[in-house]
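Q: I'd like to go over a predicted model; first the sequence, then the structure.
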Amino acid sequence: MTNTSAHLQVLARSRLVATRKDGTKVFYRLSGDDVAAFVVALRDLARSRLAEVEQVVRDYFTARDALEPVRREDLVARAERGNVVILDVRPAEEFAAGHIPGALSVPLGELDATLARLPRPTEIVAYCRGPYCVLAPQAVERLRAQGYQARRLDGGLPEWRLAGLPVAAGQD
């Protein structure tokens, strides 16, 4: 915890993250879309240079997905037609800070309690923090185990935002 705090403080002093205090807690977020683009570019560079990263992605994510992830463009079109349920499985605080318009906030820990409210005939697309976030694949596995049609979004909210797609804030 001490090392994490020290690293976050360095990032804050470098103005790569912004902070918000709430009592004794400090909440950190990337300070802008340019920083998000930098993080994504750094992640992609690391993936291209380290073969073991590609192997982990293949073993964990690709092996778990019987179906291809849903592309952003496809999700936009399907959301406009109203034939998809979009689930944001990140913590509620992250959802409130920014989410795909029309998405439902269902943190992974609350998914099982929410299943009865989800429509069965409509495909569900889950998303989280990005291509290495395990929340969406875990949600998809749980949903499929209960008989739902479910896939994950290719990427996550950072990639959605960087693609210039709309992002909503608040609890709606």
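A: That came through fine. Numbers count the residues shown, from 1 in each chain.
Q: pLDDT weak spots in the chain?
A: Confidence mapping of the chain against pLDDT under 70 gives the ranges 1, 57-67, 172.
Q: which residues in it form strands?
A: 17-22, 25-30, 85-88, 104-105, 124-127, 150-152 (DSSP state E).
Q: would a markdown table of the ones you listed with mean neighbour count be doable?
A: For every residue, glycine as well, the C-beta is placed using N, CA and C. Formatted as a markdown table, the strands of the chain follow (neighbours: other Cβ atoms under 10 Å):
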| stretch | mean neighbour count |
| --- | --- |
| strand 17-22 | 12 |
| strand 25-30 | 13 |
| strand 85-88 | 24 |
| strand 104-105 | 18 |
| strand 124-127 | 26 |
| strand 150-152 | 24 |
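Q: Mind checking the ones you listed for the one nearest to N3?
A: With Cβ to Cβ as the measure, strand 25-30 is the member of these nearest N3 (14.6 Å).
Q: Would you list the strands that that closest one pairs with, along with their directions?
A: strand 17-22 (antiparallel) (DSSP bridges).
Q: if I look at L30, how far off is A18?
A: Per Cβ to Cβ, to the nearest Å, L30 is found 8 Å from A18.
Q: if we can go back for a sec, would you turn the strands of the chain into TSV with distance to L50?
A: Formatted as TSV, the strands of the chain follow (distance: least, Cβ to Cβ, whole Å):
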stretch	distance to L50
strand 17-22	24
strand 25-30	23
strand 85-88	29
strand 104-105	34
strand 124-127	25
strand 150-152	23
